[in-house]
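Peer 1: got a predicted structure here, sequence first:
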Amino acid sequence: MDGDRRGWRQCFLSGAVFAVCMAGTTLPTPLYGLYQDKFGFSELTVTVVYAVYAFGVIGVLLLAGNVSDIVGRRPVLLAGLGFAAASAVCFLCATGLGWLYAGRLLSGLSAGLFTGAATAYVMELAPYGGASRATFVATAANMGGLGCGPLLAGVLAQYAPCPLYLPFAVHLTLLAACVAITMWLRETVRERRPLSTVRPRRPGLPPQVRSVFAPAAIASFVGFALFGVFTSVSPAFLSESLDVNNHAVSGLVVALAFFASTAGQLAVGRVGVARSLPLGCAGLLAGLALLAGALRWDLLFLVVLSALVGGVGQGLAFRGALSAVAGASPEDRRAAVISTLFVVAYAGISVPVIGVGVLSGPIGLEGAGLVFIACMAILVSTAAVYLLRRPVRAGM
């Protein structure tokens, strides 16, 4: 019993570290309008600044997605916390656009190190028999952290002094506490090897994972694409089309999508992995439809409903995908396989976001959003049909 309590304590603490790191990646979201006013760049530049983060994540996942399987979980998490701190320093020192690019790239490197390693770490620290609960802790820490970032920054920017500095100073303080916690947690990789033995791997999957991975990857791509566009351009839409200039409100709307995702992940335990993937796609489709209505009629409540419904759909799909992939992966390849899933997911965050930014110039932000919604609706409908015909089997 004492061992179980100790195990869950370490599991939850590692989840808290995960959440703090991920919060830093979305911290600038409600601040982009302030940076636009300060540095005078376009909406396309906002989406490129946002997408630089995703490219950093993908680069790390491709080059070092398996590094924590080799050198251990704790060293990788400590490196990720270091990159997160360096990112915060870049934003604190920002005097031009180059600092924002550097900060977002460093944030992407941090998230790239954390996504696979921290997810595996949280699951491995849990007591025996707690895999389902630990999977929820890991995915909730990921999405909950992403939601806390814009909420924290929005509230501080609206109601506290120094809106472009205080959020990052607070985050640096939290990161320092996370370093101390990570040093205290036990290592879970038994046979560690030197960093010099790490070699970049091309994306690859063990044979027993391949049949599970395809539907999981499709659902993850669509869910992250919705979140990517929501996070990068919704504050601008709220300001330009709905005349909502309160940074706390902008941060809250974005945060609701991530918190709803956490609720969707919690529901997977009841509906099951096999049903959560097609149900998640249905939720994403409904969220896209609500977002189209919000863009067409300029209604704030439809934006909020889109965040909630789409977030629940993303949570259902993503936790189902992660559970299926992690359950089918061999222990010594788990972090690498999870990292490959995140490569697909972060491709969804980056490519559509830049597409919206490119189109926002000639056809406007609303028109670009509607084109995005149409493309994603086709993709998510195709994914749902695929999952209904070839469902992921429960227990994989």
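Peer 2: That came in fine, so what should we check first? Numbering: from 1, shown residues only.
Peer 1: most residues in a single helix of the protein, which one?
Peer 2: Counting residues, the longest helix in the chain under DSSP state H turns out to be helix 334-389.
Peer 1: what packs against that helix?
Peer 2: helix 43-64, helix 67-71, helix 97-125, helix 207-240, helix 273-297, helix 300-328 (3 or more Cβ pairs under 8 Å, 6 or more residues apart in numbering; DSSP states H and E). Bear in mind the C-beta positions are built from the backbone N, C-alpha and C, glycine included.
Peer 1: A86 is nearest to which of those helices?
Peer 2: helix 97-125 (4.8 Å; Cβ to Cβ).
Peer 1: residues near the nearest residue to Q314 once chain neighbours are set aside, how many?
Peer 2: Leaving aside its chain neighbours, Q314 sits nearest to G223 (3.6 Å; criterion: Cβ to Cβ, 6 or more residues apart in numbering). By the criterion of other Cβ atoms under 10 Å, G223 has 32 neighbours.
Peer 1: start the count at 26 instead of 1 going forward.
Peer 2: Noted, 26 is the first residue going forward, which turns the last one into G248.
Peer 1: quick one, what contacts G248?
Peer 2: 286, 305, 309, 338-339, 342-343, 370, 373 (Cβ atoms under 8 Å, 6 or more residues apart in numbering).
Peer 1: go again using 7 Å as the cut-off
Peer 2: 309, 339, 342-343 (Cβ atoms under 7 Å, 6 or more residues apart in numbering).
Peer 1: so which of these is the closest to A409?
Peer 2: Checking those against A409 with Cβ to Cβ, the nearest one is L309 at 8.8 Å.
Peer 1: before we move on, the earlier item: and the longest helix of the chain with helix 122-150, angle?
Peer 2: Calculated by axes from the mean of the first three to the mean of the last three Cα atoms, to 10 degrees, helix 359-414 forms an angle of 90 degrees with helix 122-150.
Peer 1: quick check: mean pLDDT of helix 359-414?
Peer 2: Across helix 359-414, the average pLDDT comes to 85.
Peer 1: what backbone torsions are found at P231?
Peer 2: phi -60, psi 150 (degrees, to the nearest 10).
Peer 1: restricting to C-alpha, output stretch 273-289 in PDB.
Peer 2: Output in PDB follows, covering the C-alpha atoms of stretch 273-289 (Å, rounded to 0.1, in the frame of the first residue of the first chain):
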ATOM      1  CA  ALA A 273      -8.100  37.100 -20.300                       C
ATOM      2  CA  VAL A 274     -11.200  36.300 -22.400                       C
ATOM      3  CA  SER A 275      -9.000  35.400 -25.400                       C
ATOM      4  CA  GLY A 276      -6.800  33.100 -23.200                       C
ATOM      5  CA  LEU A 277      -9.900  31.500 -21.600                       C
ATOM      6  CA  VAL A 278     -11.500  30.700 -25.000                       C
ATOM      7  CA  VAL A 279      -8.300  28.900 -26.100                       C
ATOM      8  CA  ALA A 280      -7.900  27.300 -22.700                       C
ATOM      9  CA  LEU A 281     -11.400  25.900 -22.800                       C
ATOM     10  CA  ALA A 282     -10.500  23.800 -25.900                       C
ATOM     11  CA  PHE A 283      -7.600  22.100 -24.000                       C
ATOM     12  CA  PHE A 284      -9.600  21.600 -20.800                       C
ATOM     13  CA  ALA A 285     -12.500  20.100 -22.800                       C
ATOM     14  CA  SER A 286      -9.900  17.800 -24.400                       C
ATOM     15  CA  THR A 287      -9.000  16.600 -20.900                       C
ATOM     16  CA  ALA A 288     -12.700  15.900 -20.200                       C
ATOM     17  CA  GLY A 289     -12.900  13.900 -23.400                       C
END
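Peer 1: would you agree G81 is in contact with L130?
Peer 2: Yes: here G81 lies in contact with L130, judged by Cβ atoms under 7 Å, at a distance of 4.7 Å.
Peer 1: just want to know which of these two has more residues nearby.
Peer 2: Neighbours per residue (other Cβ under 10 Å) separate G81 from L130, with G81 holding more: 24 against 21.
Peer 1: contacting residues for the more buried one?
Peer 2: Contacts of G81 (Cβ under 7 Å, 6+ apart): 130, 132-134, 137.
Peer 1: CA atoms of stretch 336-346 as PDB?
Peer 2: What follows is stretch 336-346, C-alpha atoms only, in PDB (Å, rounded to 0.1, in the frame of the first residue of the first chain):
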ATOM      1  CA  GLY A 336     -12.000  19.800 -27.500                       C
ATOM      2  CA  VAL A 337     -14.000  16.900 -26.200                       C
ATOM      3  CA  GLY A 338     -13.700  15.200 -29.600                       C
ATOM      4  CA  GLN A 339     -10.000  15.800 -29.700                       C
ATOM      5  CA  GLY A 340      -9.600  14.300 -26.200                       C
ATOM      6  CA  LEU A 341     -11.600  11.200 -27.100                       C
ATOM      7  CA  ALA A 342      -9.600  10.600 -30.200                       C
ATOM      8  CA  PHE A 343      -6.200  11.500 -28.800                       C
ATOM      9  CA  ARG A 344      -6.400   9.400 -25.600                       C
ATOM     10  CA  GLY A 345      -7.800   6.500 -27.600                       C
ATOM     11  CA  ALA A 346      -5.000   6.800 -30.100                       C
END
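Peer 1: for this protein, which spans come out with low pLDDT?
Peer 2: Within the chain, the stretches falling below the threshold (pLDDT under 70) are 26-28, 226-229, 360, 417-421.
Peer 1: what number of residues lie near the nearest residue to V369 once chain neighbours are set aside?
Peer 2: Excluding its sequence neighbours, the residue lying closest to V369 (Cβ to Cβ, 6+ apart) is A242, at 4.3 Å. If you count neighbours by other Cβ under 10 Å, A242 ends up with 21.
Peer 1: how far away is A242 from V234?
Peer 2: To V234, A242 is 11 Å away according to Cβ to Cβ, to the nearest Å.
Peer 1: do L210 as well
Peer 2: 27 Å.
Peer 1: could you do F193 as well?
Peer 2: Counting by Cβ to Cβ, the gap from F193 to V234 is 38 Å.
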